[in-house]
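1. just need the structure, nothing else, for what follows:
(4 chains)
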Amino acid sequence: MSTSSYYVPATSKWPIISVIFLGFLAVGAGMLMTSGSGLIPFLIGFVGTLWVMYGWFMDVFKESQAGLYDAQMDRSFRQGMAWFIFSEVMFFAAFFGTLFYIRVFALPWLDGEGAKGVTALLWPDFVATWPLMTTPDPSIGGPDAIVNPWTLPLINTLLLVASSITLTFAHHALKHQDRKKLINWLVATLVLGGVFLVIQGIEYVHAWTELGLTLQAGIYGATFFLLTGFHGVHVTIGLIILAVMLVRVLKGHFTPDQHFAFEASAWYWHFVDVVWIGLFLFVYVF
Amino acid sequence: MVPELPPRPDKHQAISDTAAGGSAVDQGGHHHEQPTGLLRWLLTTNHKEIGTLYMLFALLMFFIGGTMALIVRAELFQPGMTFVVPEFFNQMTTMHGLIMVFGAIMPAFVGLANWLIPVQIGAPDMALPRLNNFSFWLLPVSFTILLSTLFMEGGGPNFGWTFYAPLSTTYGPPSTSFFILAMHLAGISSILGAINIIATILNLRTPNMRLMDMPLFVWTWLITAFLLIAVMPVLAGVITMMLLDINFGTSFFDAAGGGDPVLFQHLFWFFGHPEVYIMILPAFGIVSAIVPTFARKRLFGYASMVYATASIALLSFVVWAHHMFTVGLPLTAQLFFMYSTMLIAVPTGVKVFNWIATLFRGSISFELPMLFSLAFIVQFTIGGLSGVMLAIAPVDFQYHDTYFVVAHFHYVLVPGAVFAILAAAYYWLPKWSGVYPNVKLGLAHFWLSVIGVNLTFFPMHFSGLAGMPRRIPDYALQFADFNMLSSIGGFLFGISQLLFVAVIVLCIRKKGEKAPAQAWEGAEGLEWQLPSPAPLHTFDTPPEFIPERDSPSRH
Amino acid sequence: MLQVIKSVLAAFLGVQSEKNRQQDFQSRSPWPFIVTGVVMTLVFVLVVASVARWAAS
Amino acid sequence: MHSLLPFGRWLLVLCVIFASQVQAAAINTSSGWNLPPGVTSISQEIFSLHMIIFWICVAIAVVVFGVMFWSLFAYRKSKGAKPANFHENTTVEVIWTAVPLLILIAMAIPATATLKKIYDTSDADIDILVTGYQWRWHYQYVEEDLSFFSNLGTPRSQILGEEDKGDFYLLEVDNPLVVPVGKKIRFLFTSNDVIHAWWVPDLAIKKDTIPGFINESWTIIDEPGTYRGQCAELCGRDHAYMPIEVRAVSQETYDEWLEEQRQMLAEDAAGSQREWTMDELMDRGKGVYNTYCAACHQADGSGMPPAFPALKNNPMMITEEGRDAHIDAVLYGRSGTSMPAYSGTLSVADIAAVITYERNAWGNDAGDRVQPSEISEMLSDD
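-> Got it, this is the predicted structure:
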């Protein structure tokens, strides 16, 4: 705080516009799921939301470049981002909790083990295994096979870990005013993340069409796609954020002291990376 | 995430002046041009205006949800299907719960937080003002979608506000997807609002206000905001899984595919139990502000109040399954959740004892905010004591899902949380509007509310113990008398809330006794140094703050 | 460290004298208190869980 | 601004409320306003736990509110009270933290003991599988090869207020669960659709029925009698209309009842083979219709369009061409609507009778009969 007066940002039209488009998005999605119509409001909402994010962030960048934000505003942004990531952690915690509950409690009970083993009277032929290839009611149908963790998933793990490292190098370059290195490492990160997504897509197609591993393939398919799917969405968001950072870097934004937007995207990317490590261990390997 | 203290201002930049607070008031200066008319409210980033919006929204929802409650009470006035059909009755109980929890009580507290936290800690506004605007305006969109489900084919949500699977998934009405998306929007609003509140409290305190100097309302909101950020995403996760079960053929909550319906309840109550505290902790903060003012004595055990709030919050993460004592938990789990739940009574008791010790040997007067706060203490304690009874797992087998539970949580939420919100409104209305609330109307409102609320909810203990399950539109004859009393009380309570609207309208129109800066004789805190009504922009520069322990006026 | 543990325990019970509290808040960093608090919460949960396990057997 | 007056009024009002409730409870002597002590050792243990914790709470309330109201009275500003200057006292705080803790520990010990007894389902004499359906209970005597549905016994006319309500309004069923006294009965709870909860206050059993999982509980009933309860977990539209009636009888009566049930089953099996007259079918069909169909399609067949179509003058039910579709709808339900499949719920005789009834009641004039043998043939074709 160089002066003791507070900085309060100006009003902005973006929040209210964004609320309107989110409303379109929700109503469109609801209509798509219930009646099949609703593509138009959904697309309006989707495109509109993207537009709003672009506009809102551009305003923030302009203000940031104009030097309007003081140290206090910077701290507010930092804390806001940190708590936002904490909320994301809890979002994934719910899904990991689901996975553990199913594996540790529900399936053994259905198979006749543990405190509620009497349940097996209802499913006399069921055998609990993980991965669950045959569901308690066989008509639901489990997957025919599962993804081998030591093929594409391992490559993906290495890609993401590598991308975290390259991003850290980029950050160091930024701190040392080395624009060229910064750009190179940032591009490398983007490429690694992009390849990760492509491989994930290939794996999904393979799983869905050849392994019979689908959302409907019992609880294994459900948890598999829930965890990897939401992780994939987060990778995509992270890539978009990093791409925006690249554009800003190319425009000459950020200084060694003031580059919180860059740091925030790095936090987010590391978070996505850590989630993947958990996924690799508990969804694929164990 | 606790920051180092902001540096003290080098010079006292002319902020040591009078109660009218010369520099505390905006003097034109560098504030941006305000749009006018409707646009002003749509675009506002001012914490006071957003706070007002939140509270008005909550009031509207309070009346919509209340009307639904009255439809329920009208049907239950007598046994037999008399007034509505069971399908509609279930939609009314469900929507009443959802609207009151997510649309009335939470937004009311968020509105109070918006209005009060910046002025109580000497901040110019919330830390992230545009996000604040965004958080608010998500709510009207969310609740418009939610209410519109009532008019969709198959009706709105009819599975209770706890929406247990598979009643809400496989057997839910088609509109359930809309309900889920509406909850997502409300959840985003809550998370972002909570992030904003934490950032404000940790980052924008006036320089010499340390954490342990903060008013308790700020403390309770800091902890509440933490709870919100921790559990709203879990709710988002579980409703997303519902959405997948309904529309994409997954089997999270279906044993046939290897899932478990009880998993839904675990996830829901991992959110739901802290959610209960989200709806009561800020009330503790309000009462802890009002009682010392009208007892003219420092709050007894400030530190233990803070610690007790923190322990309640931490414990709230490990007690969720006490809502599920009858689902067939293994014995060890049953015992664990029974013990941890019983322990919550300890810090909660500490709070009540502290308030009473504050009253003890004070100099007490009975203005409207004080009346509501005292009623809160008594009525909340009744709800707390029935909570202790419910914690005993084997006995809970008899209470669970009966009107005894309905009585318990309504005692905590209506004569508890709602009374605290009303107390806050009467306490700070002079600061918001510049005039005192009308005493005659306020007294009538208070007494009719106290009578109405107790007449509604006290008999429910008995109908529950006598064996009446909750969420039924029709009941056996032995519950008839208690239900008739409850229905009469419900209508009395509901209608008397119109008096509150009258009080507010009078205040908005500035009809009433003008309030000075320090509207209440014994009031302490930065907000009472601002003129009444508080100007739109306050504290352009950090004000000087004297911690209460050093305050000359109250020891 | 002992003082930190003592203070956190006091916080769990909600009882601490003003003198000790003032002393705690002299220290600049809240992190030892936060970390100790989280650890003690976990310990507390484990204790209640083992009591439940013992009682159930 | 105002002084004691409101408090006097407040106290007075609270007294009035309390008195009115005492009176209300006294008027209705059949109910009481407390938990029933029940008829099993567990229910009585739970009742005494309940009373202990209740009196502890009352005592705490008396002390806390006593101190509070005395303070409010004694330290009024209007009487010139001057505020004291204290805001902490470690001794007092330790005491009021420790004492509640001790009380809670004292409560937890007997509660744990009771809970452990409740969980001990070993060595049962009789196993009964209880299955929740929307909206009826199904009981299966596991060792006896005997099972039946238990439906709401209260006629709809009472619910709609067209007729005076009986003493056991909404607490009576067509086929009660019959069990012997003095025997350890183990209940296995599960559900066919959504979560229900089987609750009989006199037995102090309340257990959720979770689809796909089984929960256990047990009871030994000491006194013969009829014990009533209700579904306690919201399970959809007719949640209020699935009561429980347990009849505890002596071992001899129980054995006789079992014999009777077996005979009825045998008769039913025989009945599905023989030819039924129109009157027999209409008579039985009317009963089945009122139990299973009238809640949606109404006793007079008028339905509640569009959700529940009218059966009166329904083309499917007055023409020969509609016959197959009609039978199909009753047997297998209609997907996408709330019409359930009855092939697993009703006996072939019941299905034949109710279809015949629907085709010939309320002015429907299809005139044909559907025989039980026809239905059993169709079912065995699947």
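2. mind checking which helix or strand D:Trp137 is in?
-> D:Trp137 belongs to strand D:136-141 when assigned by DSSP states H and E.
3. hey, where'd the strands end up in the chain?
-> Picked chain A for this. Shown for chain A, no strands are assigned by DSSP state E.
4. oops, chain D please
-> So, for chain D - with DSSP E - the strands run D:126-133, D:136-141, D:146-150, D:177-180, D:185-191, D:196-200, D:205-209, D:215-219, D:225-231, D:243-249.
5. quick one, the strand holding D:Trp137 and strand D:185-191 angle?
-> With axes from the mean of the first three to the mean of the last three C-alpha atoms, to 10 degrees applied, the angle from strand D:136-141 to strand D:185-191 works out at 140 degrees.
6. doesn't B:Asp474 fall inside a helix?
-> No: with DSSP: H, G, I helix; E, B strand; the rest coil as the criterion, B:Asp474 is located in coil rather than a helix.
7. gap between it and chain D?
-> 5 Å (C-beta to the nearest C-beta, to the nearest Å). Every residue, glycine included, has its C-beta placed from N, CA and C.
8. related to what we said a few turns ago, what average pLDDT does the strand holding D:Trp137 get?
-> Mean pLDDT, computed over strand D:136-141, is 94.
9. do that strand and chain B come into contact?
-> No: judged by C-beta under 8 Å from any C-beta of the partner chain, strand D:136-141 stays clear of chain B, getting no closer than 14.5 Å.
10. next, the angle strand D:196-200 makes with that strand.
-> Orientation of strand D:136-141 against strand D:196-200 (the same axes, to 10 degrees) gives an angle of 70 degrees.
11. now D:Gly212. Its backbone dihedrals?
-> phi 90, psi -10 (degrees, to the nearest 10).
12. which stretches of chain A have low pLDDT?
-> A:1-6 (pLDDT under 70).
13. ignoring the adjacent residues along the chain, who's closest to D:Ile375?
-> D:Val348 (4.4 Å; C-beta to C-beta, 6 or more residues apart in numbering or on different chains).
14. pretty sure the one you found sits against D:Val370.
-> No: applying C-beta atoms under 8 Å, one finds D:Val348 not in contact with D:Val370, separated by 10.0 Å.
15. for the longest helix that chain C contains, packing partners?
-> Longest helix of chain C, by residue count under DSSP state H: helix C:31-56. If you count contacts as 3 or more C-beta pairs under 8 Å, 6 or more residues apart in numbering or on different chains; DSSP states H and E, helix C:31-56 packs onto helix B:302-315, helix B:331-359, helix C:2-13, helix D:90-119.
16. elements contacting the third one?
-> Think helix C:2-13. helix B:302-315, helix C:18-24, helix C:31-56.
17. ok, 7 Å please
-> Applying 3 or more C-beta pairs under 7 Å, 6 or more residues apart in numbering or on different chains; DSSP states H and E, one finds that helix C:2-13 makes contact with helix B:302-315, helix C:31-56.
18. least reliable of these going by mean pLDDT?
-> helix C:31-56 (a mean of 83).
19. please report the distance of B:Glu75 from chain A.
-> B:Glu75 is 29 Å from chain A, by C-beta to the nearest C-beta.
20. that residue contacts B:Phe89, correct?
-> Yes: in this structure, B:Glu75 is within contact of B:Phe89 by C-beta atoms under 7 Å, at 5.7 Å.
21. which residues are in contact with both of those two?
-> The contact sets of B:Glu75 and B:Phe89 overlap at B:Pro473 (C-beta atoms under 7 Å, 6 or more residues apart in numbering or on different chains).
22. any idea how far the longest helix belonging to chain B is from the chain center?
-> The single longest helix within chain B, with elements called by DSSP H, is helix B:216-247. In terms of C-alpha atoms, centre = their mean, to the nearest Å, the centre of helix B:216-247 is found 14 Å from the chain centre.
23. go on, stretch A:228-240?
-> That offset, for stretch A:228-240, works out to 4 Å (C-alpha atoms, centre = their mean).
24. got the contact list for it?
-> Contacts of stretch A:228-240 (C-beta under 7 Å, 6+ apart): A:95, A:190, A:193-194, A:196-197, A:200, A:268-269, A:272, A:275-276, A:279, A:283.
25. buried members of the residues you listed into PyMOL, please.
-> In PyMOL, this line selects whichever of the contacts of stretch A:228-240 come out buried by 16 or more other C-beta atoms under 10 Å in any protein chain shown:
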select buried, chain A and resi 95+190+193+194+196+200+268+269+272+275+276+279+283
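26. of all the contacts of stretch A:228-240, which two lie farthest apart?
-> A:Phe95 and A:Leu190 (26.5 Å; C-beta to C-beta).
27. show me what residue of chain C gets nearest to chain B.
-> Minimum separation of chain C from chain B (C-beta to the nearest C-beta) falls at C:Ala52, amounting to 3.7 Å.
28. my read: that residue touches B:Phe337, true?
-> No: using C-beta under 7 Å, C:Ala52 makes no contact with B:Phe337, being 8.4 Å away.
29. quick one, which of those two is more surrounded?
-> B:Phe337 (24 against 21; other C-beta atoms under 10 Å in any protein chain shown).
30. list the contacts of the more buried one.
-> By C-beta under 7 Å, 6+ apart, the contact set of B:Phe337 is B:319, B:321-322.
31. same list (these) but as CSV, adding neighbour count and pLDDT.
-> Shown next, in CSV, are the contacts of B:Phe337 (neighbours: other C-beta atoms under 10 Å in any protein chain shown; pLDDT from 0 to 100):
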residue, neighbour count, pLDDT
B:Val319, 23, 93
B:Ala321, 23, 94
B:His322, 24, 94
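32. all helices of chain A, in order?
-> Using DSSP H, helices in chain A cover A:14-34, A:39-65, A:71-101, A:107-110, A:152-175, A:179-209, A:218-250, A:260-279.
33. counting contacts, what elements does the fourth one pack onto?
-> Under the contact criterion of 3+ C-beta pairs under 7 Å, 6+ apart, the helices and strands touching helix A:107-110 comprise an empty set.
34. who's sitting farthest from the centroid in chain D?
-> Centroid-distance maximum for chain D: D:Gly80 at 59.2 Å, with C-alpha atoms, centre = their mean.
35. and the pLDDT at that residue?
-> 84.
36. could you check how far it is from chain A?
-> Distance check for D:Gly80 against chain A: by C-beta to the nearest C-beta, it reads 45 Å.
37. return the backbone torsion pair for that residue.
-> Dihedral angles (degrees, to the nearest 10) for D:Gly80: phi 80, psi 20.
38. how far away is it from B:Ile198?
-> For D:Gly80, the distance to B:Ile198 (C-beta to C-beta, to the nearest Å) stands at 45 Å.
39. returning to that earlier point: what is the nearest of the contacts of stretch A:228-240 to chain B?
-> A:Phe95 (5.9 Å).
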